[in-house]
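1. Here's a sequence, model it:
(4 chains)
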2 protein chains.
Amino acid sequence: MDEYINEQKLSSILKAASDPTRRSLLTTLVQQGPSRVTELARHYDMSLNSISKHIKVLEAATLVTRKTIGRVHLIEAQLEPINQIDNWFKNLRSIWDLRLDDLETILNKEICDD
Amino acid sequence: MDEYINEQKLSSILKAASDPTRRSLLTTLVQQGPSRVTELARHYDMSLNSISKHIKVLEAATLVTRKTIGRVHLIEAQLEPINQIDNWFKNLRSIWDLRLDDLETILNKEICDD
DNA sequence: TATATATTCATCCATTTGGTTGAATATACC
DNA sequence: GGTATATTCAACCAAATGGATGAATATATA
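-> Model (predicted):
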């Protein structure tokens, strides 16, 4: 189930995904599996702290989780939340199809009434 | 085809969709078909100008198009661009599956080497 | 215990964002 | 031509965003 769309969560997922650095982080995580913050930051021409902030945005949107082992923080990608975007889109599309069906019904009726 | 992902366009689509008012506008447009700016604004506790600005963001992201007839601007939803989000997600998922396959191969190899 | 490493927290700064209001533009109508 | 309607443009404002730097915290290691 879980078809219900939580608007706030959807907003946070979409906004988190709308930044190219964060999408790139997700890709790296998916390619390499759980990774440390420092290791992730290595790929970017950007301060460690900026990457740390981006990771927190992804974390708030539940697109990554964090496992802290000693001083090391292991960041892991979570893809299921992205399904919420898909649900939203499917919902939009079904509304669209519904309207087109209605239009067709109206048109058929007019033809019959002739 | 059109499988290639344009990062900038994807960013603009995701960011445009990340605002609840704009998602709501899209839903209304999909439900009611092409609508005038004033008509759209009527549903919101917000100035006409704000809605006009939101529509411009959606337009820049190609999520709506505009047909100007006299002084009236007809706004129409365009859903295909949202497929780019789906492409991005599918791409992520395939990278994910690829890594899991590699892991499995490695594990099998270790078992055979025993 | 002292030192190095991994990471976040706190500030600061420029830019973007989402909203406002008032003026401008373009078209329709009497 | 004069007036009403539909919409954008321009300016402004507060808050959020994406970046930087320096200090703080927590853990590992010699």
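
2. per-residue confidence at residue A:108?
-> Looking at residue A:108, its pLDDT is 80.

3. which helix of chain A spans the most residues?
-> In chain A, taking DSSP state H as the definition, the longest helix is helix A:83-113.

4. Point out where chain A drops to low pLDDT.
-> For chain A, the stretches flagged by pLDDT under 70 are A:1-4, A:110-114.

5. The same query, at a cut-off of 50, please.
-> Low-confidence regions of chain A, defined by pLDDT under 50, span residues A:1-2.

6. residue ranges for the helices of it, please.
-> Applying DSSP H to chain A gives helices spanning A:7-17, A:20-32, A:37-42, A:48-60, A:83-113.

7. and the shortest one, anywhere near DNA strand C?
-> Yes: for helix A:37-42, a contact with DNA strand C is found by CB under 7 Å from any atom of the strand, at A:37-39. To be clear about C-beta, it is placed using only N, CA and C from the backbone, and glycine gets the same treatment.

8. Next, count neighbours for residue A:66.
-> 14 (other CB atoms under 10 Å in any protein chain shown).

9. burial count for the residue in chain A that DNA strand D sits nearest to?
-> In chain A, the residue that lies nearest DNA strand D is residue A:70 (2.1 Å; CB to the nearest atom of the strand). By the criterion of other CB under 10 Å, residue A:70 has 5 neighbours.

10. Next: residue A:14.
-> Here the count is done by other CB under 10 Å, and residue A:14 has 24 residues near it.

11. what about the closest residue in space to it that isn't next to it in sequence, how many neighbours?
-> Distances taken as CB to CB, 6 or more residues apart in numbering or on different chains put residue B:18 closest to residue A:14, at 3.7 Å, once the chain neighbours are dropped. Residues within reach of residue B:18, counting by other CB under 10 Å, total 18.

12. before we move on, what about residue A:9?
-> 13.

13. So which bits of chain A are right by DNA strand C?
-> A:36-39, A:48-49, A:52, A:55-56, A:66, A:71-73.

14. now do 10 Å
-> A:11, A:15, A:18, A:35-42, A:47-56, A:59, A:66, A:68-75 (CB under 10 Å from any atom of the strand).

15. correct me, but residue A:15 touches residue B:17?
-> No: when contacts are counted by CB atoms under 8 Å, residue A:15 is not listed as touching residue B:17 (9.1 Å).

16. So for these two, which sits in the more crowded spot?
-> residue B:17 (29 against 18).

17. surely that one meets residue B:57?
-> No: using CB under 8 Å, residue B:17 is not in contact with residue B:57; the gap is 10.0 Å.

18. For the residue sitting nearest the centre point of chain A, give its distance to DNA strand C.
-> The centre of chain A sits closest to residue A:82, judged by CA atoms, centre = their mean, with a distance of 3.7 Å. Counting by CB to the nearest atom of the strand, to the nearest Å, the gap between residue A:82 and DNA strand C amounts to 20 Å.
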